[in-house]
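Trainee: Let's see this in three dimensions:
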Amino acid sequence: SKETRPKQHLPRGKLHLVYILLLVCVAGISNCLPPILMTRPVYFGAEPLKSEIRLKTSTRVFQQDYAYAMPPSPEVDAAWSSLLPQNGGFFTHPTLAPTESCVAVFHQIHCLDMLRKALYEARNDTMEHPKHERKNPDDLDGKIYASEAEELNASHDMDHLGHCFDLLRQVIMCKPDLTIEVANVVVDGVTGFDTEHQCID
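Mentor: Modelled structure (predicted):
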């Protein structure tokens, strides 16, 4: 007859210790796995680009950049133009954008740049008399400013607007809107309207 041996059971305390060690091993292995193996692809609704690309984030402190904040010039205009791809952000993709489309952030930067140029063109006095260029009231064909403060206020006003344009530029680039806007054949571009965006209420 076969000999039967009594079953051996681990003491309850040792059994708990084994469970704890197993949990620690599982946690350690999961931390070593690449993120792509641990997470399922997520579709971000109106921003499907987030499902296809992984964007790195970095901490930035906004500082005024006079390369963008100064009145229009070949150098300043070139700096603004460099923010856009050569094709203006238009692209096609088999699933994301079967027809010609544009990434919203590039459309928004383009609009901000257009406003910047239009405002300075409307205020051609600023272009003719740059910041810190003092005008002599006696040389203005008899036109005398009511006070020196009036001239300074006009100059500071445009400086303030330059600051606003640069700040909005940095905000748009910091939190880019990755919504895909389908091109409108009527306007030969994008309008940005009738497109769903992911917004914070």
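
Trainee: Residue 180 reaches residue 50, doesn't it?
Mentor: No. Between residue 180 and residue 50 no contact is recorded; they are 10.9 Å apart, counting by Cβ atoms under 8 Å. All C-beta spots, glycine's among them, are computed from the backbone N, C-alpha and C.

Trainee: Of these two, which one has the most company?
Mentor: residue 180 (19 against 15; other Cβ atoms under 10 Å).

Trainee: Tell me who's in contact with that one.
Mentor: Each residue near residue 180 by Cβ atoms under 8 Å, 6 or more residues apart in numbering is listed here: 46-49, 96-97, 101-104, 195.

Trainee: Nearest to residue 90 among these?
Mentor: Sorting those by distance to residue 90 puts residue 102 at the head of the list, at 4.9 Å, by Cβ to Cβ.

Trainee: quick one, helices of the protein?
Mentor: Counting by DSSP state H, the segments of the chain that form helices are 12-32, 35-38, 49-52, 66-69, 74-81, 104-122, 124-128, 148-174.

Trainee: Domain boundaries for the protein, per the record?
Mentor: The chain breaks down by automatic domain parsing into domains covering 9-39, 41-182.

Trainee: rank those domains by mean pLDDT and give me the bottom one.
Mentor: Mean pLDDT per stretch puts domain 9-39 lowest among those, at a mean of 58.

Trainee: Show me what the longest strand seen in the chain pairs with in its sheet, parallel or antiparallel.
Mentor: Taking residue count as the measure and DSSP state E as the definition, the longest strand of the chain comes out as strand 97-103. Using DSSP bridges, the strands paired with strand 97-103 in its sheet are strand 90-93 (antiparallel), strand 180-182 (antiparallel).

Trainee: which one of those strands lies closest to residue 168?
Mentor: It is, among those and with distance given as Cβ to Cβ, strand 180-182, at 19.0 Å.

Trainee: sorry, back to before: contacts for the longest strand of the chain, please.
Mentor: In this structure, residues lying in contact with strand 97-103 by Cβ under 8 Å, 6+ apart are 49, 88-92, 176-183, 189-190.

Trainee: quick check, nearest of those to residue 68?
Mentor: Closest to residue 68 out of those is residue 176 (16.6 Å), distances taken as Cβ to Cβ.

Trainee: wait, the closest one sits on residue 89?
Mentor: No. Contact between residue 176 and residue 89 fails when scored by Cβ under 8 Å: they sit 10.6 Å apart.
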